[in-house]
Every structure is written in C-alpha cells, then in structure tokens.
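Visitor: Can you look at this prediction? I've put the sequence above it.
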Amino acid sequence: MRYTTLGRTDIRVSRICLGTMTFGEQNTEAEAHAQLDLAFERGVNFLDTAEMYPVPPRADTQGRTESYIGTWLRKTGLRDRVVLATKVAGPADWLPYLRGGPRLSAEHVHRALEDSLRRLQTDYVDLYQVHWPERKTNFFGELGYVHRPQADGIPIEETLEALAGLVASGKVRAIGVSNETPWGVMQYLMLAERNGWPRIVSIQNPYNLLNRSFEVGLAEFAHREAVGLLAYSPLAFGVLTGKYLGGARPAGARLTRFSRFDRYSGPRVERAVARYVELARRYALSPAQMALAYVNDRPFVTANIIGATNLDQLREDLASIDLDLPPEVTAGIEAIHAECPNIAP
C-alpha cells in the first residue's frame, strides 16, 4: 500500500480508501465486516461513509452503513488504527426522514455528527465532510448552470463555523467538502483564513476515465492549496470494468438492481468503454485495474475511493495499487480521452 497525508495535516491515509455505501443494502453486516477485514489486512487504513448511506437511500436503512462500521470497530478494537471519514448531508427533498429534511445549519451539523458518532461507536471522526452544498449549484453531474442567489440557503460561513467548533471540541480532527465547485472551495478557504478557522483538507468529487472534469479548475486548488481529491466513482459505477458492454446486466450488479444509477450510460459511453477495455486487454491488463491505476497515479489525488460488493472484486481493486501503467498504456488512455472527453458527468 502507498500512503500520503490529508492536506496540511499529519493524518496519514492509504492511497486507496474503502468506500462503504453498499453496506446495508447490497452487503450484509457479515459481508461488510469481511470487506473491512480484507482491506485492513492489505494496508487500507482509510474508510469513507456518510450519514445517509446505504445507497439507494431509504428511511428504513438510513444510517445502517455507519452502524456496520461501528460494530466492526467494536469487535476488532482497531479504532485508533483507521482514519474514519463520514459526511453530513446537504439539503435534499428526497431525504425528508433525515431531521425533517437535512440542512447545513449549525444545529443540523451538530446533530448529524452526534448521530454518526453513536452509530460508529466512537467519540471522534478523523474527517468530517459536507456531502453536497447548501446552495443551488451544479453537482451530481448537472449541466447548464443557472445563477439563483436567492436560493443560497444557509451561508457557508455558518456551516464552516459549526465545523470549526467540532474541531475545537475534539470530536473532529479535520474537515472536507464533497461535490463542490471551484467557487465553493475558494469560499471555504477564504472564510477559514479570515476567521482563523480550520482549512478544508480534501474534496470528494467524481473522477474516472469517463469524467475528468476535476482537472479543470479544481486540480489547481488541490496542488496550490493542499485540498486533495478523494476520488469517488473511479470505475463509473462499475461501467469501466466492461461488464455492462453490449447491454449485459450481470445478476446482482448495481446497474442491474438499481435503474437510478444511469449517469454513465448511453451510446457514447459504450463506445468509449469498449475502447478502454480493448486497450487494457491488448496489454494483458484487467480493465478495472487499469482504470483504477490511472486514478491512483494522478498527483492531485489524495485517495482513490473504491467500492465492491464481493471479496473477489475487492481483491482485484486493491491490487491496482501495485500496478504501474506502462507509458504506452497511459498514452493510449490520453488518446482515447482526447477523442471522447468527459462524455459522462
């Protein structure tokens, strides 16, 4: 395993982070614990979750993912050897059961953390992240920005002050954002400097061979301000493995079970994925490992958040950390992307 630090902190994290949003929906508690055991055994010390998980979100499963992690931490006694990250949900009319509709007010931020700590069976988290912004802006792949300042909602300043208070209390070691824009990152950094509050240390946004939009604007922040990327969807919901090519729908797979995961679909995606898969096989590489190795190697990436629904997938994904892509493979990836740039959100 390779390790790096979160922002300008002394918190060391594995380059591969275990994403857990399937725990409690596609994975039972026993399966979740088996994944956690294997990941830790292979050197992963970084775990990412969220108060709204598992996905797809439902009232009767909300918080189950954190609870499964909590029982694993209690069983293994490994709390002080893992870096634990979770998130507070932003506004969402599709989460009415979460505090009557989640917001990023000071009250909601504090209540959300207390609930997460209880489920995780710990008295602190290492990284606390804002899952998506309070204001109306583009995230989750939305295009066509429309400026609606009247719908900004809770100011970032109130949210950040609440997060600063949690850091001061010792319940949070570092803070980050997710699904953010360059403007949002700038605001968090500016307000932190102005008020003497903690700086954000990370940004969790999508990044994969089909969606490299992070490189435009946000990558510069990652380098200049030490707000590294925690890359999610590095396999584009599994599409980059090639298992869905030709309309295939393997039994039990995410896109087979849940039609809502349609972000990476369509004829242009199909053509691009076929070319990436052909490139990997030409050099006797696993398509999944090639796609993950590319993300692992980006200098603005702090950690690559992988997810799996079974141990065989997890083993394959973890092994990507040992793969150094030959220059001709990297050149092939760049050539494909030049012809098929950011074709999915």
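Guide: Alright, I've got the coordinates.

Visitor: Next, find the distance separating the residue of the chain positioned farthest from its centre from Y244.
Guide: For the chain, the residue at maximal distance from the C-alpha centroid (CA atoms, centre = their mean) is R282, at 30.1 Å. Separation of R282 from Y244 (CB to CB, to the nearest Å): 20 Å. The way it works is simple: take the backbone N, C-alpha and C, and place the C-beta from them, glycine included.

Visitor: Tell me if N205 really is in a strand.
Guide: Yes: under DSSP: H, G, I helix; E, B strand; the rest coil, N205 sits within a strand.

Visitor: For it, which non-adjacent residue is closest in space?
Guide: Leaving aside its chain neighbours, N205 sits nearest to F214 (5.5 Å; criterion: CB to CB, 6 or more residues apart in numbering).

Visitor: what bits of the stretch 151-300 of the chain have low per-residue confidence?
Guide: Scanning the stretch 151-300 of the chain for pLDDT under 70 picks out the ranges 256, 259-261.

Visitor: All the helices of it, in order from the start?
Guide: Taking DSSP state H, counting those that start in this stretch, the helices of the stretch 151-300 of the chain run over residues 156-169, 182-195, 218-225, 254-257, 267-282, 287-296.

Visitor: Mind listing what's buried along the fifth one?
Guide: Of the residues in helix 267-282, those with enough neighbours to count as buried (16 or more other CB atoms under 10 Å) are V269, E270, A272, V273, R275, Y276, V277, L279, A280.

Visitor: for the fourth one, same thing?
Guide: If you call a residue buried by 16+ other CB under 10 Å, then helix 254-257 has these buried ones: R254, L255.

Visitor: Report all helices and strands that that helix contacts.
Guide: Using 3 or more CB pairs under 8 Å, 6 or more residues apart in numbering; DSSP states H and E as the contact test, no helix or strand touches helix 254-257.

Visitor: Residues in contact with it: which ones?
Guide: Outside of helix 254-257, the residues within contact range by CB atoms under 8 Å, 6 or more residues apart in numbering are T22, Q26, F237, G238, V239, Y244, R249, P250, F261, D262, S265, T309.

Visitor: sorry, back to before: including distance to L318, could the helices of the stretch 151-300 of the chain go into a markdown table?
Guide: Shown next, in a markdown table, are these (distance: least, CB to CB, whole Å):
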| stretch | distance to L318 |
| --- | --- |
| helix 156-169 | 31 |
| helix 182-195 | 30 |
| helix 218-225 | 24 |
| helix 254-257 | 19 |
| helix 267-282 | 17 |
| helix 287-296 | 9 |
